[in-house]
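J.: Model the following, please.
(chains A and B)
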Amino acid sequence: MMKTPLITVFKQIGILSRLNQLSITGNRRRLSDSGAGGVDHDIKSRFYEPEILTLLKKLTRPDLQKIFRKRKLGLRLEPPEYKFMTTEQLEQERKKADARAAEKLQMPPVLPPRKEIDEVISEDPNLAGFERSNIVFTDITFGKSDVNRLIVIRETNGRLRKANWDERFRMNQVYFPAEGRKMNPPSLFKQENMLRLCEEQRYEFLLDLACIQFEPDDPEYLRITETVYDSIDEAQAYELLRSTRHYGPLMFHLVTNRSIDNVLVENLQTDRLEDAVWAISLYHLLHPESKSKSTELIPGEELQFIKSYIETDSKKRGLLEMSLQTYLNTREVQVQRQQ
Amino acid sequence: MLSLRCLPAAQKIFSHCLNAQTASLKIGSRCLATINSEINQKKTAFPTTTNIVHQQIRFTSFFNKLTGEQLWKGVTSVSNAGKKRGRGKGNRKKFAKNLNRGQVIGVGKANIIWPGLTTPVIRGKELVERQKLPEDPDREARLIKIRNEMGRFRPLKLSPIERGWSGSKMPGRSIGPPDPLHGEMWEGFDTKVLELKTVTCMTGNLGRTRRQSAFVVTGNKQGLCGIGLAKAIDPKAAMKTAKNKAAQNLLFVERYEGHTVIHDFFTQFGHTKIFVTKMPEGYGLVCHRAIRTVCEVIGITDLYAKVEGSTNVKNVVKAFLIGLMKQKSHEQLADETGLNVVEFRQETEFYPEVVAAPIVSRDDVKEVPDYKQYCFDNKVVLKKKKPPPFYTKEPGWLYHLVKMENARNHDKVRKQLRFEYGFLRSFLYDKYPECRAGPVKKEESES
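T.: Residues are numbered from 1 along each chain as shown, chains lettered A, B, ... in the order given. Next comes the predicted model:
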């Protein structure tokens, strides 16, 4: 027996008029016109290369204390639960917690912005004027995902076309509402409101909320995340995102934009030589044409590796050299103290 | 019919019409205004034709014979027999009113300025003269209002903070720190009464003798606490002795992060069984009032306790204190069982945190005991199922549920609409602007 797809018809004048407006005014959900930056989109599709992913995961520096820190969950406080455990049971429990930590650190994907859907399936002039409103057909068969679900629209002039992204979002949200996702995006994503939140350094909050509200290839998502990343880079507040799922995308954004100098300064100031080396290797991977690529990383010769980057590719050479010198000085003092 | 109610009016009439001899008007203990009908008949000037009725007017009564105090007593007091029946108590009790309230000497119904009494004699360089001002029409009403307000509301004796478990009774109330002894000032200590009752015993020559028994708890809110029991004829003396005894009887109680018990425990004294549960900060004290009072004094702020069996105050307190004393630290629990004590907190997303590891760990344990069961000494709390509310059996309840089924999200939608647009609007609003809640504006309706 053949399985027939379950299709619902959505016909509402209010929604229709909204949809009509949408098609006129373009993407209604876009809160600001400042779109994604001028980085070419090919480099973004390299995010899932295994080498790059490994480096990004290493750079995240998972810290269980921070991942499982005390949070205000908005729930009623419960008394802590205690258990007697043998060492073996404890190890098993810890492994489970590690798995949960890995899940919590899963990076949101970095994707190039999606292309507009502009596909007409058929034109049927006989149907023109038959209805006073557009009709939306949605396939709500079990097992379809929000991405591959068939959603088509019969317009009043008889044209049958595929729904655009905005209409898809609405229909998906109507039939399969995602928790925490609003039909209209919260106004805190407006540029001026976001900048205020960035001043308060509530980066993680903003990024988490953007992950819930938007799809990762939504131009709006790209605008929000990039604004936040740039704000973090400006404030050098990398520590706030370290050991969260957003650190990888942050580093990826900075490297693709060739602005890792501030990160390197912060790494050297906080005694993170290894992180600096990883950041530069990531830079080499994503920008093979860079001049310092020829310097290979030899274990024990990390300083040379960093120096070659500073000399050839850095934009803030003076500042970086100074921080490197301070790093070396403090290290010497430490070595002397130990002796 | 002529009725003579007012003395000055009667005088006026008779002096005008009759001789002074014919009408006898006496002002005194017995006043009787008599009009002789015979004289009336002789003197034709008086226009009456019918018989004039005698009316007695008494110008003396208990009102002007008794003092104010005696009069008020008559109104407010209750007879002995009534007192025994409990009359004149509580809300129904009457109070004497001070009728002089609101009145000032020199100020009266006639609004007169009395220099030297109500005003200074000389104002500036002028001599103030006695002067009659127009009458104040509101004065009478104002005085009556002040009178009516009196005797209605009885202010509470205690402020809500000072109040005990019930009304102005002593149990639950604070009686201050113990008396200084050998230079010890008991700083930070506070004592609360748990029980104050009359106890009697029969003696050979006095018969039934009554004494007051006071049971109190004292503590410094930092873990120290002590209980004391004393008897005396006077309740104050009993409480004082008990308080000082309690101070000599102090014990120290370990607390978890200064706000709750270390772990759940079961404790028993006599027929009183208590199950105590550790609670997070901000939960409060949900327990028997005696346990709550003891906790307040010790410095425990969050706890749940269920009392099963007898709720005799002394036994409840003793059982609770024994339970507190028998608490074990997490290390002790770990050493006893040879197992790790692991904490899982909701706010840290249940990350296993080892709070105590045993010195000698045993991995060959066949059955790992359940922590809660271990703490409760294998006793199980009786958890009664809460019966459904009575109204769920009514036929209207089903109707209500059906009705609410449709409207279950209306409030959320209204909230969202108000948030988004600032007013309630239909989904048709874009096309038809009149599709909104509330009155339509004039301009809109005209256009």
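
J.: For the stretch 51-200 of chain B, which segments count as strands?
T.: B:112-113, B:122-123, B:126-127, B:131-132, B:190-203 (DSSP state E, counting those that start in this stretch).

J.: of those, which approaches chain A most closely?
T.: Among the strands of the stretch 51-200 of chain B, strand B:190-203 comes nearest to chain A, with 26.3 Å by Cβ to the nearest Cβ. All C-beta atoms are positioned from the backbone trio N, CA, C, and that covers glycine.

J.: Which residue would be the closest one in chain B to chain A?
T.: residue B:427 (3.1 Å).

J.: where does that residue land on pLDDT?
T.: At residue B:427, the model reports a pLDDT of 88.

J.: ok, how many other residues are close to it?
T.: Per other Cβ atoms under 10 Å in any protein chain shown, the neighbour tally for residue B:427 reads 15.

J.: what separates whichever residue of the stretch 151-300 of chain A sits closest to chain B from residue B:101, distance-wise?
T.: The nearest approach of the stretch 151-300 of chain A to chain B comes at residue A:184, 6.7 Å away (Cβ to the nearest Cβ). Going from residue A:184 to residue B:101 by Cβ to Cβ, to the nearest Å gives 66 Å.

J.: One more: residue B:169?
T.: Using Cβ to Cβ, one gets 33 Å for the distance from residue B:169 to residue B:101.

J.: what does residue A:64 give?
T.: In terms of Cβ to Cβ, residue A:64 sits 75 Å off from residue B:101.

J.: go on, residue A:284?
T.: As judged by Cβ to Cβ, residue A:284 and residue B:101 stand 96 Å apart.

J.: Which one's more surrounded, these two?
T.: residue A:284 (20 against 11).

J.: Report the secondary structure state of that one.
T.: Under DSSP: H, G, I helix; E, B strand; the rest coil, residue A:284 falls in the helix class.

J.: Setting aside sequence neighbours, what's the nearest residue to it?
T.: Residue nearest to residue A:284 in three dimensions, not counting chain neighbours: residue A:293, with 4.8 Å by Cβ to Cβ, 6 or more residues apart in numbering or on different chains.

J.: Are we agreed that that neighbour is in a helix?
T.: Yes. Residue A:293: assigned to a helix according to three-state DSSP.

J.: count of neighbours near it?
T.: If you count neighbours by other Cβ under 10 Å, residue A:293 ends up with 18.

J.: ok, now residue A:268?
T.: Residue A:268: 22 neighbours (other Cβ under 10 Å).

J.: so where do the helices sit in the stretch 51-200 of chain A?
T.: Assigned by DSSP state H, counting those that start in this stretch, the stretch 51-200 of chain A shows helices spanning A:64-67, A:87-104, A:165-175, A:191-199.

J.: Is the last one positioned near chain B?
T.: What that stands for is helix A:191-199. No. Judged by Cβ under 8 Å from any Cβ of the partner chain, helix A:191-199 stays clear of chain B, getting no closer than 15.1 Å.

J.: So, low pLDDT: which residues of the chain?
T.: Let's take chain A. For chain A, the stretches with pLDDT under 70 are A:1-6, A:10-40.

J.: should've been chain B
T.: With pLDDT under 70 as the threshold, chain B has low-confidence stretches at B:1-50, B:152-156, B:440-447.

J.: mind giving me the domain ranges of it?
T.: Residue ranges for the domains of chain B, per the TED database: B:97-152, B:173-252, B:328-384, B:389-446.

J.: So which of these is nearest residue A:224?
T.: Closest to residue A:224 of these is domain B:389-446 (Cβ to Cβ; 20.2 Å).

J.: related to what we said a few turns ago, including distance to residue B:69 and mean neighbour count, could the strands of the stretch 51-200 of chain B go into CSV?
T.: Below are those laid out as CSV (distance: least, Cβ to Cβ, whole Å; neighbours: other Cβ atoms under 10 Å in any protein chain shown):
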stretch, distance to residue B:69, mean neighbour count
strand B:112-113, 31, 14
strand B:122-123, 41, 10
strand B:126-127, 43, 8
strand B:131-132, 35, 10
strand B:190-203, 34, 16
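
J.: so who does residue A:79 touch?
T.: Listed by Cβ atoms under 8 Å, 6 or more residues apart in numbering or on different chains, the contact set of residue A:79 reads B:277-280, B:283.

J.: which of those residues are close to chain A?
T.: B:277-280, B:283.

J.: which two from those end up farthest apart in space?
T.: B:277 and B:280 (10.8 Å).

J.: ok, the two, which is more surrounded?
T.: For residue B:277 versus residue B:280, the count of surrounding residues by other Cβ under 10 Å is larger for residue B:277: 22 against 16.

J.: ok, the more buried one - contacts?
T.: Residues near residue B:277 by Cβ under 8 Å, 6+ apart: A:79, B:264, B:303-305.

J.: cutoff 6 Å now
T.: If a contact means Cβ atoms under 6 Å, 6 or more residues apart in numbering or on different chains, then residue B:277 has B:264, B:304 as its contacts.

J.: Give the burial count for residue B:60, as a bare number.
T.: As a burial measure, residue B:60 scores 11 neighbours (other Cβ under 10 Å).

J.: er, residue A:199 actually
T.: Neighbours of residue A:199 under the rule other Cβ under 10 Å: 10.

J.: follow-up on the earlier one: distance to residue A:217 for the helices of the stretch 51-200 of chain A - can I get that in JSON lines?
T.: Conversion of these to JSON lines gives the following (distance: least, Cβ to Cβ, whole Å):
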{"stretch": "helix A:64-67", "distance to residue A:217": "27"}
{"stretch": "helix A:87-104", "distance to residue A:217": "22"}
{"stretch": "helix A:165-175", "distance to residue A:217": "9"}
{"stretch": "helix A:191-199", "distance to residue A:217": "20"}
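
J.: looking at these, which is closest to residue A:319?
T.: Taking the helices of the stretch 51-200 of chain A one by one with Cβ to Cβ, helix A:191-199 is closest: 22.9 Å.

J.: quick revisit: what are the phi and psi angles of the closest residue to the residue of the stretch 151-300 of chain A closest to chain B other than its chain neighbours?
T.: Of all residues not flanking residue A:184 in the chain, residue B:420 sits nearest, at 6.7 Å (Cβ to Cβ, 6+ apart). The phi/psi pair for residue B:420 (degrees, to the nearest 10) reads phi -80, psi -40.

J.: cool, and residue B:121?
T.: Residue B:121 adopts backbone torsions of phi -70, psi -40, taken as degrees, to the nearest 10.

J.: count of neighbours near the closest residue to it other than its chain neighbours?
T.: Once flanking residues are discounted, residue B:121 sits nearest to residue B:115: 4.8 Å by Cβ to Cβ, 6+ apart. By other Cβ under 10 Å, the residues close to residue B:115 number 15.
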